[in-house]
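Q: Any chance you can model this:
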Amino acid sequence: MKIILASASPRRKELLKEIVEDFGIIPAVGEEKADLTLPPEKIVCALAEHKCGEVFEKYPDCVVIGCDTIVYFNGKALGKPKTRAEAIETLKALSGKTHSVYTGVCVRSADKILTEYERTEVTFNELSDGFIKDYVDGGSPMDKAGCYGIQDDGVVESYDGSYTNVVGLPVELVGKMLKEVLR
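A: Residues are numbered from 1 along each chain as shown. Got it, this is the predicted structure:
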């Protein structure tokens, strides 16, 4: 049975290669809508289910994996920045503080739908204004929830939980879910 990743993220593609040899990529293209007043785990699960369902409708004979990641800080979900100024503001707010990263995962086949989430606590280094400006000017924050990549030098001081979750695909969780769906 063919496996499809419902995401165009190059980071998710690389991580999925760690557990699945052969899979296709068909990104969900519909508008992402979620009630941001919900708890963060419900937000990411709803978004993952939406992405997975959208692609599964077109490929019902496949196993589809949908994911969504948010950074949650001070009671608010932080997505990808829309502007350079928003990226700078977000990084300043996260500097020296701890936040949570949630990734919702939905794995669906013709006879099973599983939805789970992973949570990782991340603590930032103290980031100087100069570092933030250079980091944003380098472009890395612009396509990432919370405006950073855990793999980027100088940003993250420490984390508690799954590293791959923060990158965007909790490998251990996805592997467990795939085993259950493919049984």
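Q: all contacts plus neighbour counts: C-alpha atoms, from now on.
A: Noted.
Q: So in that sheet, which strands flank the lowest-mean-pLDDT helix or strand in the chain, and in what orientation?
A: Ranked by mean pLDDT, DSSP states H and E, the weakest helix or strand in the chain is strand 76-78, scoring a mean of 89. Its sheet considered, strand 76-78 pairs with strand 63-73 (antiparallel) by DSSP bridges.
Q: how big is the angle separating whichever helix or strand comes after the least confident helix or strand of the chain from strand 63-73?
A: Of the helices and strands lying after strand 76-78 in sequence (DSSP states H and E), the nearest is helix 84-94. Computed by axes from the mean of the first three to the mean of the last three C-alpha atoms, to 10 degrees, the angle separating helix 84-94 from strand 63-73 equals 70 degrees.
Q: Provide the strand pairings for whichever helix or strand comes after helix 84-94, with the direction of each partner.
A: Next helix or strand after helix 84-94 toward the C-terminus (DSSP H and E): strand 98-108. When pairing is defined by DSSP bridges, strand 98-108 lines up against strand 63-73 (antiparallel), strand 113-124 (antiparallel).
Q: Let me have those strands in a markdown table, extended by distance to residue 103 and mean pLDDT.
A: Shown next, in a markdown table, are the strands paired with strand 98-108 (distance: least, C-alpha to C-alpha, whole Å; pLDDT from 0 to 100):
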| stretch | distance to residue 103 | mean pLDDT |
| --- | --- | --- |
| strand 63-73 | 4 | 95 |
| strand 113-124 | 5 | 98 |
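Q: most packed of those strands?
A: Comparing the strands paired with strand 98-108 by mean neighbour count (mean count of other C-alpha atoms under 10 Å), strand 63-73 comes out on top with a mean of 26.
Q: who's in contact with it?
A: If you take C-alpha atoms under 8 Å, 6 or more residues apart in numbering as the criterion, strand 63-73 is touched by 1-7, 40, 44-45, 47-52, 55-56, 77-79, 94, 98-110, 145-146, 166, 168-169.
Q: Any stretches of this structure with poor pLDDT?
A: The model of the chain has pLDDT under 70 over residues 1.
Q: In PDB, could you pull the C-alpha coordinates for stretch 154-174?
A: Extracted in PDB, the C-alpha atoms of stretch 154-174 (Å, rounded to 0.1, in the frame of the first residue of the first chain):
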ATOM      1  CA  GLY A 154      22.600  29.900  18.500                       C
ATOM      2  CA  VAL A 155      18.800  29.900  18.900                       C
ATOM      3  CA  VAL A 156      17.900  27.100  21.200                       C
ATOM      4  CA  GLU A 157      19.500  26.600  24.600                       C
ATOM      5  CA  SER A 158      17.800  23.300  25.500                       C
ATOM      6  CA  TYR A 159      14.800  21.200  24.900                       C
ATOM      7  CA  ASP A 160      12.800  18.500  26.800                       C
ATOM      8  CA  GLY A 161      11.100  15.900  24.600                       C
ATOM      9  CA  SER A 162      11.300  15.000  20.900                       C
ATOM     10  CA  TYR A 163      13.900  16.900  18.800                       C
ATOM     11  CA  THR A 164      12.200  15.700  15.600                       C
ATOM     12  CA  ASN A 165       8.900  17.000  16.800                       C
ATOM     13  CA  VAL A 166      10.300  20.500  16.900                       C
ATOM     14  CA  VAL A 167      11.600  20.000  13.300                       C
ATOM     15  CA  GLY A 168       8.100  19.200  12.300                       C
ATOM     16  CA  LEU A 169       7.600  15.400  12.300                       C
ATOM     17  CA  PRO A 170       7.900  13.400  15.500                       C
ATOM     18  CA  VAL A 171       9.600  10.300  14.000                       C
ATOM     19  CA  GLU A 172       9.000   7.900  16.900                       C
ATOM     20  CA  LEU A 173       5.300   8.800  17.100                       C
ATOM     21  CA  VAL A 174       4.700   8.600  13.300                       C
END
